[in-house]
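Trainee: 3D, please:
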Amino acid sequence: MPTKRHGKVRKWLKSGEAKIISHAPFTIQLLFETGNETQPITLGVDSGYTYIGFSAVTEKEEVFGGELTLLPKMKERLKERASYRRTRRYRLRYRKPGFLKDTKPAKWLAPSIQHKLDSHVKFINRAKSILPVSKVVVEVANFDTQKIKKPDIEGKEYQEGEQKGFSDLREYILHRDQHKCQNPNCKDKDKENHKPILEVHHLGYWKKDRTNRPSNLITLCTRCHTSNNHQKSGFLYGWEPKLNTFRAATFMSMVRFRLVNQLHCEHTYGSLTKFKRRKLELEKSHHNDAFVIADGEHQPRCNPTQFIQKRKNNRSLEKFYDAQYIDSRDGKKKSGKELCSQRKKRSRENLPKSLRKCRAHKVSSGRRSIRKQRYSIQPQDIVEYQGKQYKAVGTQNHGSFLKMTNGVDKPIVKSMKKIKTIFHQKTLICT
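Mentor: Predicted coordinates for the structure are as follows:
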């Protein structure tokens with residue numbers, strides 16, 4: 001059970017009667033025989049696509065609670081892994097393709113969805129391993145996403161998605177956007193009898209999201225879809241117009257009862273949670289929702305703990321750094337990508353204005369950086385230097401020095417030989 005006798009805990013650790021099991025949350029294991037006096041704890045979980053709210057409540061108080069931010073962009077990392085595997089296969093002996101004979105099991109889920117389901121189960125089991133949880137209640141979504149779009153849908157129509165009748169994804173996007181440029185400040189819209197050339201733009205390119213799902217695509221004309229507008233100074237960088245998306249609801253519709261059946265727990269619905277939260281006059285948050293789900297009422301609350309899911313391994317072994325030039329127009333240093341020819345097609349008709357002539361002289365050449373070694377200390381690990389604990393930021397000079405911070409002062413850089421590793425962070429990091 002959680003304790004506030006911190007002096008006693010320090011004595012146990014110093015005398016060797018206890019050892020540290022986890023730093024976040026700080027958990028110790030006693031190395032001597034004790035009794036089994038515990039109080040029943042109800043764990044409420046507000047499951048979701050991006051965030052998980054959790055709250056462990058007893059009859060007297062809330063002992064543990066907060067939010068977990070799940071790891072995003074799983075689909076992009078799977079594509080990156082596939083590209084590495086494809087490159088490796090090309091360099092080895094020929095093998096017949098296996099996808100023609102492979103069959104998926106009956107309860108198969110897409111890897112990105114399976115990862116989020118496993119993350120829910122793993123976090124709940126971790127909470128149960130450090131607390132004597134006697135009851136788990138999970139909130140599940142329970143509404144029909146396709147019925148929201150089409151109220152009179154029934155029967156076979158559930159198998160016909162929004163892209164039915166469009167063999168080409170580009171044609172579907174143009175039809176959805178009514179064959180018009182979606183830039184609200186586009187000047188081509190004001191011209192009469194003018195038919196601009198339309199292109200499909202990836203909204204999430206600036207955060208390395210280049211998936212071809214409809215919610216990530218939008219229609220733009222060639223005058224708006226330019227290289228300059230893709231830079232940090234352009235309007236496309238960070239542009240996120242509102243598009244209808246049901247990704248989170250679809251996720252919960254797919255895995256809600258798999259989660260309940262796998263954990264053998266109870267479940268509730270969002271409408272009940274909303275009613276109880278308003279009755280207690282609590283603000284809308286994942287932590288407060290989980291507190292209500294755990295049958296919390298007027299118990300004293302704990303300070304919320306924020307967790308972030310960390311990527312365990314980085315498969316990007318190679319990085320490319322663009323060449324740098326001085327722009328003759330304003331004398332500023334810019335990358336070769338900014339001062340490019342802006343040509344996208346082989347056709348020489350309607351060529352855009354080339355910016356290559358604006359390159360005055362080269363400041364630095366482009367280069368490829370290939371990682372050849374994995375170092376023992378990774379970012380976010382807990383280390384000790386001169387009797388004080390720090391959090392690792394990253395290695396420098398081929399692993400000879402480590403940059404670290406205590407969260408208050410400026411980061412410092414010290415030799416790896418003088419640093420002692422205290423704790424290797426796992427996939428969940430407490431912020």
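Trainee: gap between the residue nearest the centre of the chain and residue 217?
Mentor: The centre of the chain sits closest to residue 72, judged by Cα atoms, centre = their mean, with a distance of 1.7 Å. According to Cβ to Cβ, to the nearest Å, residue 72 stands 19 Å off from residue 217. (Glycine included, C-beta is placed from N, CA and C.)
Trainee: returning to what we had before: hmm, residue 50 and the residue nearest to the centre of the chain touching each other?
Mentor: Yes. Using Cβ atoms under 8 Å, residue 72 is in contact with residue 50, at 7.1 Å.
Trainee: which residues of the stretch 1-150 of the chain fall in helices?
Mentor: Under the criterion DSSP state H, counting those that start in this stretch, the stretch 1-150 of the chain contains helices at 6-15, 74-90, 111-130, 145-149.
Trainee: Repeat that for the stretch 201-350 of the chain.
Mentor: For the stretch 201-350 of the chain, helices defined by DSSP H, counting those that start in this stretch occupy the ranges 227-230, 247-263, 270-279, 286-293.
Trainee: looking at the ones you listed, which is closest to residue 46?
Mentor: Evaluated with Cβ to Cβ, the helices of the stretch 201-350 of the chain place helix 286-293 nearest to residue 46, the distance being 4.2 Å.
Trainee: What is the closest one packed up against?
Mentor: strand 41-46, strand 51-57, strand 62-69, strand 133-140, helix 270-279 (3 or more Cβ pairs under 8 Å, 6 or more residues apart in numbering; DSSP states H and E).
Trainee: what about 10 Å?
Mentor: Under the contact criterion of 3 or more Cβ pairs under 10 Å, 6 or more residues apart in numbering; DSSP states H and E, helix 286-293 touches strand 41-46, strand 51-57, strand 62-69, strand 133-140, strand 266-269, helix 270-279.
Trainee: In PDB, could you pull the C-alpha coordinates for the longest one?
Mentor: To tie it back to what came earlier, the one meant is helix 270-279. Presented in PDB, the C-alpha positions along helix 270-279 are these (Å, rounded to 0.1, in the frame of the first residue of the first chain):
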ATOM      1  CA  GLY A 270     -19.100   7.500 -21.400                       C
ATOM      2  CA  SER A 271     -22.600   8.800 -20.900                       C
ATOM      3  CA  LEU A 272     -22.600   7.500 -17.300                       C
ATOM      4  CA  THR A 273     -19.200   9.000 -16.700                       C
ATOM      5  CA  LYS A 274     -20.200  12.400 -18.000                       C
ATOM      6  CA  PHE A 275     -23.300  12.400 -15.800                       C
ATOM      7  CA  LYS A 276     -21.400  11.500 -12.600                       C
ATOM      8  CA  ARG A 277     -18.600  14.000 -13.400                       C
ATOM      9  CA  ARG A 278     -21.000  16.900 -13.800                       C
ATOM     10  CA  LYS A 279     -22.700  15.900 -10.600                       C
END
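Trainee: Just the buried residues of that helix, please?
Mentor: Within helix 270-279, the residues that count as buried by 16 or more other Cβ atoms under 10 Å are 270, 273, 276-277.
Trainee: Kindly calculate the angle that it makes with strand 41-46.
Mentor: Going by axes from the mean of the first three to the mean of the last three Cα atoms, to 10 degrees, helix 270-279 is angled at 110 degrees with respect to strand 41-46.
Trainee: what does the third one give?
Mentor: Angle between the axes of strand 62-69 and strand 41-46 is 20 degrees (criterion: the same axes, to 10 degrees).
Trainee: got it, and the second one?
Mentor: Relative orientation of strand 51-57 and strand 41-46, computed by the same axes, to 10 degrees: 160 degrees.
Trainee: Any chance of the buried residues of helix 270-279 in a markdown table with pLDDT as columns?
Mentor: Below are the buried residues of helix 270-279 laid out as a markdown table (pLDDT from 0 to 100):
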| residue | pLDDT |
| --- | --- |
| 270 | 82 |
| 273 | 88 |
| 276 | 90 |
| 277 | 90 |
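Trainee: Let me have these in CSV, extended by distance to residue 29.
Mentor: As requested, these are arranged in CSV below (distance: Cβ to Cβ, whole Å):
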residue, distance to residue 29
270, 37
273, 35
276, 36
277, 36
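Trainee: Nearest to residue 119 among those residues?
Mentor: Nearest to residue 119 out of the buried residues of helix 270-279 is residue 270 (Cβ to Cβ; 20.1 Å).
Trainee: Could you verify my assumption that that closest one touches residue 138?
Mentor: No. Counting by Cβ atoms under 10 Å, residue 270 sits too far from residue 138 to count as a contact (11.5 Å).
Trainee: And residue 323, how close does it get to residue 406?
Mentor: Separation of residue 323 from residue 406 (Cβ to Cβ) stands at 38 Å.
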